[in-house]
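>>> one predicted model, sequence on top.
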Amino acid sequence: MPKVDSAEVALTDLNPDVKIVKYQERVNSENVDRIFGAGWDAIVDGCDNFPTRYLVNDASLFHKIPVIHGSIFRFDGQVTTFMPHVGPCYRCLYPEPPPAHLAPSCAEAGVLGILPGIIGTLQATEAIKLILGQGDPLVGRLLTYDSLKMSFRVLKLRRDKTCPACGENPTITSYIDYEGFCAGVATHG
Ligand SMILES: [Zn+2]
């Protein structure tokens, strides 16, 4: 069953009043403006690859939509909220993707099965806060979770004035070749 359909079944089961809009397609430079331009308040990013992550970052800046970012790896997870032109963006933190040998996929490195639940629940909490305008979102703060130590930490994040996407003189003013950008770094790394 496609993920969009199983998500619809699960969400409708929890709450039949939720209106669900499904996009059964892989987001890319050609369709991202149509998808992100549909009037969303927030993007919850749980993607599992670097080209999509950079694409989502750039598109969210163009469309001025906050991104609630979550990632998991082995026994660790992290969450932050990228508020366009208010706090740092993904490129402020990671101007380039890591070389491939330093970034094994989840299939290679493995991930503790409970992590998507914990990190996803934290992301959902951030999304609800943003929609309600309540509390302090994780803007400029990275919440990290270490399941082995069973500890949470908060690290401060800063905007980078020289960021190619959201800095003072941005060089990324339209979509780039994300597959090539990520593959190029992997080759040279
Ligand atoms: Zn930035």
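Thanks, I have the structure now. Residues are numbered from 1 along each chain as shown.
>>> is L155 located within a strand, as I assumed?
Yes: using DSSP: H, G, I helix; E, B strand; the rest coil, the assignment for L155 is a strand.
>>> I'd say it and R141 touch.
Yes: using C-beta atoms under 8 Å, L155 is in contact with R141, at 7.1 Å. For glycine as for every other residue, the C-beta is placed from the backbone atoms N, C-alpha and C.
>>> name the residues of the protein found near the ion, please.
C89, R91, C92, C163, A165, C166 (C-beta under 5 Å from the ion).
>>> again, only this time at 8 Å
Neighbours of the ion within the chain, by C-beta under 8 Å from the ion: 57, 61, 88-93, 159-160, 163-167.
>>> how about the strands in this structure?
Using DSSP state E, the strands of the chain run over 43-45, 67-73, 76-82, 141-146, 151-156.
>>> just the residues contacting the lengthiest helix in the chain, thanks.
Assignment by DSSP state H gives helix 115-132 as the longest helix of the chain. Residues outside helix 115-132 that contact it (C-beta atoms under 8 Å, 6 or more residues apart in numbering) are 41-42, 44, 46, 66, 68-72, 75-79, 81, 135, 137-138, 143, 145, 147.
>>> next, the angle from that helix to strand 141-146.
Angle, helix 115-132 to strand 141-146, by axes from the mean of the first three to the mean of the last three C-alpha atoms, to 10 degrees: 160 degrees.
>>> point out where the chain drops to low pLDDT.
Counting by pLDDT under 70, the chain has low-confidence residues at 104-107, 185-189.
>>> burial of P99, as a residue count?
Other residues near P99 come to 12 when the count uses other C-beta atoms under 10 Å.
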